[in-house]
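**Student:** Below are the sequence and a predicted model for it; my questions follow.
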Amino acid sequence: MKEENFSPEQSLQLIQTMISKTKQDMSDNSIYFLVWGWLTFFACTGQFVLKHIYNYEKHYLVWLVVIVGIIFSIYQGRKEKKRSRATSYIDDSIKYLWSGMAASFFVLGMILTKLGWGIVVFPFFIMLYGLGTFVSGSIIRFRPLVIGGIVAWALAIGSTLVSYDYQMLFGAAAILVSYIIPAYMLRSRNNIANK
Amino acid sequence: MTQTEKQLTEKESLDLIAMMINKAKDTRRDTGIAAIMWGAVIAICSLVRLSEIHFGYKLPFDIYLLTFAAVIPQIYFSVKEKKKRKAKAYGDVFFDNMWMAFGICIFLMIFITGSIYSGLKPMTEEYQKLTGHSAPFHFYEFNSSFFLLLYGLPTFVTGVSMKFKPMLWGGLLCWVCCIVTIYTTVKIDLILTALSSIFAWFIPGLIMEKDYRKAKKGLAAANV
């Protein structure tokens, strides 16, 4: 293959194109962030209402809503697999990061199953939410995601200072700032850019 | 931008990007010194703590303070490597940010597990006072599991992104050991933590260092 020389401007432009493309892809895929974000937000606040306000014993059953997320992700994933498209290095990095995140959530779930879900679970989840969004935001250079990640980490610290019930609200707040709000901002930004 | 550049076909653009990636892959030769250091530090800390428990002695200081001390050479290596890099490849940004986020999460994990432990301690003590026997579980027994969970994430992602199998397998080993430590005693947990840090960081670090030296030699020979 003939070696081509890129000027610094051309290289920067190419990288910028890759980032913009990934931003656009992430915006297209923000449906995952939104579906999972809203489901988790609903589960956190729902569990708080059931446990703290109604004293309902089986308050944790509200987390069954994640089944909806799993079914949706499998369906959406299959649908997208049919649409073959080229992927960039940045797309792959994001994909590997979130595969690693999914594995981490699974392993964390195994630890907490043995330790007991009723002890302290939310600070660990909030910390991981922060890690995923902070790194994703840094890769695509999207500040709301980076800030969302940092705020989630602060909420993880804060959640250790309150009782189990209020940790649920910290979890809901973390989801709001690190998933839901950045996903809407990414969507609207790309909608404006595409007009 | 010229008109010709604008008219690149999709295939041409993809070829161009693929070429860039290959170029980046060929030129990405990190020294494995930081990985070697962290692999050794974590393994030493785990094994010293194991010997403290097994032989029933206590060092005058907490051996895990060594991890805080290791931050100083880490900063030195990072600054040195940054100066050496002629240009920052896009992959570097990803890895730098991910490992930085990992470092932050390690501090958060220390804080979270510490505050949970101190919150549960009075309860377990009271349980022991009331029942006369030890609490059915102690939170510190899960410490290794939480840290192994975190060790696995950036190691796995780095391994799979760099297509560097020793790290990929190392990351997976961290997660497998994490699951095993849920069910094992603290002594076994410490052995598995030492084992994970050796396979996830120390050995891949040695391989990276060897590759780096080889590449440097090759580069020097080409310039002669």
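**Tutor:** Happy to help now that I have it.
**Student:** what sits against residue A:129?
**Tutor:** For residue A:129, the contacting residues are A:149, A:152, A:174-175, A:178-179, by Cβ atoms under 8 Å, 6 or more residues apart in numbering or on different chains. (C-beta placed from N, C-alpha, C; glycine too.)
**Student:** in the helix or strand that residue A:71 is a member of, what's buried?
**Tutor:** Following DSSP states H and E, the helix or strand that holds residue A:71 is helix A:66-82. Buried residues in helix A:66-82, counting neighbours by 16 or more other Cβ atoms under 10 Å in any protein chain shown, are found at residue A:69.
**Student:** what residues does it touch?
**Tutor:** A:31-32, A:35-36, A:39-40, A:43.
**Student:** Of the contacts of residue A:129, which pair is most distant in space?
**Tutor:** Comparing every pair within the contacts of residue A:129 by Cβ to Cβ identifies A:149 and A:175 as the most remote, at 12.3 Å.
**Student:** Which of the two has more residues huddled nearby?
**Tutor:** residue A:175 (28 against 25; other Cβ atoms under 10 Å in any protein chain shown).
**Student:** is it true that the more buried one touches residue A:35?
**Tutor:** No - contact criterion Cβ atoms under 8 Å: residue A:175 and residue A:35 do not qualify, at 11.9 Å.
**Student:** what about residue A:181, neighbour count?
**Tutor:** The number of residues packed near residue A:181 is 17, by other Cβ under 10 Å.
**Student:** okay, now residue A:60: neighbour count?
**Tutor:** 14.
**Student:** how near is it to residue A:119?
**Tutor:** According to Cβ to Cβ, to the nearest Å, residue A:60 and residue A:119 sit 13 Å apart.
**Student:** Please apply the same query to residue A:168.
**Tutor:** Taking Cβ to Cβ, one finds residue A:168 at 14 Å from residue A:119.
**Student:** repeat for residue B:183
**Tutor:** 17 Å.
**Student:** more neighbours, those two?
**Tutor:** residue A:119 (14 against 10).
**Student:** The longest helix along chain A and chain B, any residue contact?
**Tutor:** Once chain A is assigned using DSSP state H, the helix that runs over the most residues is helix A:89-115. Yes - under the criterion of Cβ under 8 Å from any Cβ of the partner chain, chain B is reached by helix A:89-115 at A:89-90, A:92-93, A:96-97, A:99-101, A:103-104, A:107-108, A:110-111, A:114-115.
**Student:** Tell me the first helix or strand C-terminal of that helix.
**Tutor:** With DSSP H and E, the next secondary element past helix A:89-115 is helix A:122-140.
**Student:** which residues of chain B fall in helices?
**Tutor:** B:3-6, B:10-27, B:33-55, B:65-69, B:71-84, B:90-131, B:143-162, B:165-183, B:186-197, B:203-223.
**Student:** can you put those in CSV and add mean pLDDT?
**Tutor:** Formatted as CSV, these follow (pLDDT from 0 to 100):
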stretch, mean pLDDT
helix B:3-6, 40
helix B:10-27, 55
helix B:33-55, 93
helix B:65-69, 89
helix B:71-84, 81
helix B:90-131, 83
helix B:143-162, 91
helix B:165-183, 93
helix B:186-197, 94
helix B:203-223, 82
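**Student:** Which one of those lies nearest to residue A:186?
**Tutor:** Going by Cβ to Cβ, the one of the helices of chain B nearest residue A:186 is helix B:90-131, 17.9 Å.
**Student:** list the helices and strands that closest one packs on?
**Tutor:** Applying 3 or more Cβ pairs under 8 Å, 6 or more residues apart in numbering or on different chains; DSSP states H and E, we find helix B:90-131 packed against helix A:89-115, helix A:122-140, helix A:143-159, helix B:143-162.
**Student:** Tell me the buried residues in the helix or strand where residue A:36 lies?
**Tutor:** Element membership of residue A:36 [criterion: DSSP H and E] is helix A:30-48. Across helix A:30-48, burial judged by 16+ other Cβ under 10 Å covers A:30, A:32-33, A:35-41, A:43-48.
**Student:** Which residue is the nearest non-sequential neighbour of residue A:38?
**Tutor:** Using Cβ to Cβ, 6 or more residues apart in numbering or on different chains and skipping residues adjacent in sequence, the residue nearest residue A:38 is residue A:180, 6.7 Å away.
**Student:** my guess is the one you found meets residue A:35, correct?
**Tutor:** No - look at residue A:180 against residue A:35 with Cβ under 8 Å: they stay out of range, at 10.4 Å.
**Student:** returning to that earlier point: list the buried residues for the longest helix of chain A?
**Tutor:** Going by 16+ other Cβ under 10 Å, helix A:89-115 has these buried residues: A:89-91, A:93-94, A:96-98, A:100-101, A:103-104, A:107-108, A:111-112, A:115.
**Student:** now swap in stretch B:180-191 and tell me
**Tutor:** Buried-residue list, stretch B:180-191, by 16+ other Cβ under 10 Å: B:181-182, B:184, B:186, B:189-191.
**Student:** List of residues touching that stretch?
**Tutor:** Against stretch B:180-191 from outside (Cβ under 8 Å, 6+ apart): A:110-111, A:114-115, B:46-47, B:49-50, B:53-54, B:140-145, B:148, B:192-193.
**Student:** That stretch: end-to-end distance?
**Tutor:** End-to-end distance for stretch B:180-191, by Cα to Cα, to the nearest Å: 11 Å.
**Student:** ok, back up a step: restricted to buried residues, select the contacts of stretch B:180-191 in PyMOL.
**Tutor:** In PyMOL, this line selects whichever of these come out buried by 16+ other Cβ under 10 Å:
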select buried, (chain A and resi 111+115) or (chain B and resi 46+49+50+141+142+143+144+145+148+192+193)
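**Student:** Now do the same contact list for the spatially most central residue of chain B.
**Tutor:** Centrality entry for chain B: nearest residue to the mean C-alpha point is residue B:151, 4.9 Å, by Cα atoms, centre = their mean. Neighbouring residues of residue B:151 by Cβ under 8 Å, 6+ apart: B:42, B:171, B:174, B:196-197, B:200.
**Student:** cutoff 10 Å now
**Tutor:** Residue B:151 makes contacts with B:38, B:42, B:102, B:106, B:144, B:170-171, B:173-175, B:177-178, B:193, B:196-197, B:200-201, as judged by Cβ atoms under 10 Å, 6 or more residues apart in numbering or on different chains.
**Student:** Work out for me the element residue A:175 sits within.
**Tutor:** Using DSSP H and E, residue A:175 falls in helix A:164-175.
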